[in-house]
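Peer 1: return a 3D structure for these sequence lines:
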Amino acid sequence: MGVNAVTKTKILNLPSIGYVAGDKPEGLALLEDGSLAVINDNDFGLLDEEIPIDGSVPFNPDPVQTVLGIIEFDPLLLDASDEDGVINLQNYPIFGLFQPDAVASYQVEGETFYVTANEGDARDEDVRIADITLDPTAFPNAAELQQDTVLGRLEVSAIDGDLDGDGDYDQLFAYGGRSFTIWDSRGNLVFDSGDEFETLTSQLFPDLFNSEGTIDSFDSRSDAKGIEPEGIVIGEVDNIPYAFIGLERIGGVMIYDISDPANAEFVDYVNPTDENGNAIDIAPEGLTFISADDSPNGEPLLVVTNETSNTTTVYQAEVSDFDTNIFRFRRTIDGQSSYLYAGEAEAENIRANFADTFTEEGFAFKVSAQSQDNLIDLYRFRSSQGTYLYVGEDERNSINNDPNLANVFTEEGRAFSVYGVGVEEATLFSRFRNLNSPNNYLYATGAEAEAIRNEFASTFIEEGPAFEVEI
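Peer 2: I've put the predicted structure just below:
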């Protein structure tokens, strides 16, 4: 009859994300912030039977409770251009086709879940957004979007998106989700990592962002499928199931705790690099987990084969005492650089509200957010000059009990927990004091520490080992 069905896209299944208030979702409303409010039908608290002719009402003695649910949608970010020369994570009006390259399964409390690595595969059916006609109603800012530094370079499906058959594109479908997803046994989406892979790699390995594993290929994969989650395997360590996801382009393995399928948590990203900062193992293709029972050394192992570098890597899986990434921010005071070390939440606040004051230098090290018996607590002090100092319990007491020091330093509280010097469980960091700027400290290890000792000895004096953390 010439009537086309309205296009629709399944976003979620309410029970799969925890809304289990009866079996009749009834009310739905779009809120101003873009979230959805949903409420269930409780049949007015009546029994599911006919009303008697005498007009009496058959009330249900145990009615389904009315429950209001709020579904929040976080805007997803990606870098869509390989020609802007920078890390530029933005939210764009596009869809991503999951197109998983690998699937694994596991069980939680008798329920089966499937985990996919959403790589994407064009199969010569792709076109760049700059080269197609966008529907003027769906994309009123088409000219802006089709610039090469915005969406113009992004490769999308040439066979999807023309919903009304008039030759222009009403929707845009990029290849791959740049994520991993957990599905229930009925195929409902339970969890998706969204933009976490792209965001994490931009913070932890900024020089290798959306690259082919080398610094000179920085940002070269942004227009295609980004990091390309390729392989996936699931393994248990200390009775906790973990997902190990190989990133084909930048290299390395993402690790997530998936014991709660709806709330999978990032644990670590492992990507060994050489002295020049290039990935040693490029294009992880196959991943195999060897349980402790089957392992030759009695420890759980992860074996990764890397297609481009022609290497095979064996990792020993251990549960770390550290769970929090710390990022280093630089601030210039009176011509000298001072340094602030911040966890995830504080780092996000700095990026959002103090970008003009602090310059992010990237991932610094990994610590524990909580106190532990085998770790020492570090406390943060802010000097009257606006610089920061991180000290253990003894030095903390010395500062607070010395009137001269207490007038200079104000304690801001416990910062995080680390290994003490000499434990030899992690990487040792040394403390350097700036001779040209009072109360100004820098913590460094490895090549950076050596460079300070050899090239900046007139500026920094090494005060000695400070603590041990993971890098």
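
Peer 1: burial count for the closest residue in space to residue 153 that isn't next to it in sequence?
Peer 2: Spatially, and ignoring its direct neighbours in sequence, residue 153 is nearest to residue 223 (3.9 Å; CB to CB, 6 or more residues apart in numbering). Using the backbone N, CA and C atoms, a C-beta is placed for each residue, glycine as well. A count of nearby residues for residue 223, using other CB atoms under 10 Å, gives 23.

Peer 1: where exactly do the helices run in the stretch 301-450 of the chain?
Peer 2: Secondary structure of the stretch 301-450 of the chain (DSSP state H, counting those that start in this stretch): helices at 344-353, 393-401, 403-406, 446-455.

Peer 1: could you give the mean pLDDT of the second one?
Peer 2: Spelled out, it's helix 393-401. Per-residue pLDDT over helix 393-401 has a mean of 96.

Peer 1: same deal with the last one?
Peer 2: Confidence over helix 446-455, taken as the mean pLDDT, stands at 93.

Peer 1: which other helices and strands does that helix contact?
Peer 2: When contacts are defined as 3 or more CB pairs under 8 Å, 6 or more residues apart in numbering; DSSP states H and E, helix 446-455 packs onto strand 427-434, strand 460-469.

Peer 1: what helix or strand is the nearest residue to residue 192 once chain neighbours are set aside located in?
Peer 2: Spatially, and ignoring its direct neighbours in sequence, residue 192 is nearest to residue 181 (4.6 Å; CB to CB, 6+ apart). Assigned by DSSP states H and E, residue 181 falls within strand 179-184.

Peer 1: ok, that strand: who's next to it in the sheet?
Peer 2: Using DSSP bridges, strand 179-184 pairs in its sheet with strand 111-118 (antiparallel), strand 189-192 (antiparallel).

Peer 1: ok, and what's touching the longest one?
Peer 2: Pointing back at strand 111-118 there. For strand 111-118, the external contacting residues (CB atoms under 8 Å, 6 or more residues apart in numbering) are 96, 98-107, 176-185, 190, 229-232, 234, 243, 245-246, 258, 261.

Peer 1: residue 107 should be in a strand, yeah?
Peer 2: Yes. If the criterion is DSSP: H, G, I helix; E, B strand; the rest coil, then residue 107 is within a strand.

Peer 1: worst average pLDDT in the strands paired with strand 179-184?
Peer 2: With a mean of 94, strand 189-192 has the lowest mean pLDDT of the strands paired with strand 179-184.

Peer 1: let me know the next secondary structure element after it.
Peer 2: Later in the chain than strand 189-192, the nearest helix or strand by DSSP H and E is helix 196-204.

Peer 1: helix 344-353 and that next one, what's the angle between them?
Peer 2: 80 degrees (axes from the mean of the first three to the mean of the last three CA atoms, to 10 degrees).

Peer 1: coming back round to it: nearest to residue 283, of the helices and strands packed on helix 446-455?
Peer 2: Closest approach to residue 283 among the helices and strands packed on helix 446-455 (CB to CB): strand 427-434, 27.1 Å.

Peer 1: in space, what's closest to residue 426 - neighbours in sequence excluded?
Peer 2: residue 468 (4.2 Å).

Peer 1: OK, contacts around the one you found?
Peer 2: Residues near residue 468 by CB under 8 Å, 6+ apart: 418, 419, 420, 421, 423, 424, 425, 426, 427, 428, 429.

Peer 1: just to revisit the earlier point, can I get the helices and strands packed on helix 446-455 in CSV including mean pLDDT?
Peer 2: Formatted as CSV, those follow (pLDDT from 0 to 100):
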stretch, mean pLDDT
strand 427-434, 96
strand 460-469, 96
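
Peer 1: which stretch among the ones you listed is buried most, on average?
Peer 2: Highest mean neighbour count among those (mean count of other CB atoms under 10 Å): strand 427-434, with a mean of 19.

Peer 1: so what does that one touch, helix or strand wise?
Peer 2: Here strand 427-434 touches strand 336-342, strand 441-444, helix 446-455, strand 460-469, going by 3+ CB pairs under 8 Å, 6+ apart.

Peer 1: hmm, who's touching the third one?
Peer 2: Same thing as helix 446-455. Residues from elsewhere that reach helix 446-455 (CB under 8 Å, 6+ apart): 275, 427, 429, 430, 432, 442, 444, 460, 462, 471.

Peer 1: quick check, nearest of the residues you listed to residue 253?
Peer 2: Nearest to residue 253 among the contacts of helix 446-455 is residue 471, at 16.1 Å by CB to CB.

Peer 1: can you count the residues close to the closest one?
Peer 2: Neighbours of residue 471 (other CB under 10 Å): 11.

Peer 1: ok, it to residue 264 distance?
Peer 2: As defined by CB to CB, to the nearest Å, residue 471 lies at a distance of 24 Å from residue 264.

Peer 1: and the strand holding residue 181, what's its mean pLDDT?
Peer 2: In this model, strand 179-184 carries a mean pLDDT of 96.

Peer 1: hmm, back to that, JSON lines for the helices and strands packed on strand 427-434, including distance to residue 293?
Peer 2: Below are the helices and strands packed on strand 427-434 laid out as JSON lines (distance: least, CB to CB, whole Å):
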{"stretch": "strand 336-342", "distance to residue 293": "40"}
{"stretch": "strand 441-444", "distance to residue 293": "40"}
{"stretch": "helix 446-455", "distance to residue 293": "36"}
{"stretch": "strand 460-469", "distance to residue 293": "31"}
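
Peer 1: who touches the residue lying closest to residue 164 once chain neighbours are set aside in this structure?
Peer 2: In this structure, residue 164 finds its nearest non-sequential neighbour in residue 170, 6.5 Å apart by CB to CB, 6+ apart. Applying CB under 8 Å, 6+ apart to residue 170 gives the contacts 135, 138, 161, 162, 163, 164.

Peer 1: compare these and tell me which is most surrounded.
Peer 2: residue 161 (20 neighbours).

Peer 1: can I assume that residue sits in a strand?
Peer 2: No. Residue 161 is assigned coil when assessed by three-state DSSP, not a strand.

Peer 1: so it makes contact with residue 173?
Peer 2: Yes. Between residue 161 and residue 173 there is a contact at 5.6 Å, judged by CB atoms under 8 Å.

Peer 1: mind listing the strands for the stretch 151-300 of the chain?
Peer 2: Listed in chain order, the strands of the stretch 151-300 of the chain (DSSP state E, counting those that start in this stretch) span 155-157, 173-175, 179-184, 189-192, 229-237, 240-247, 253-257, 265-270, 284-290.
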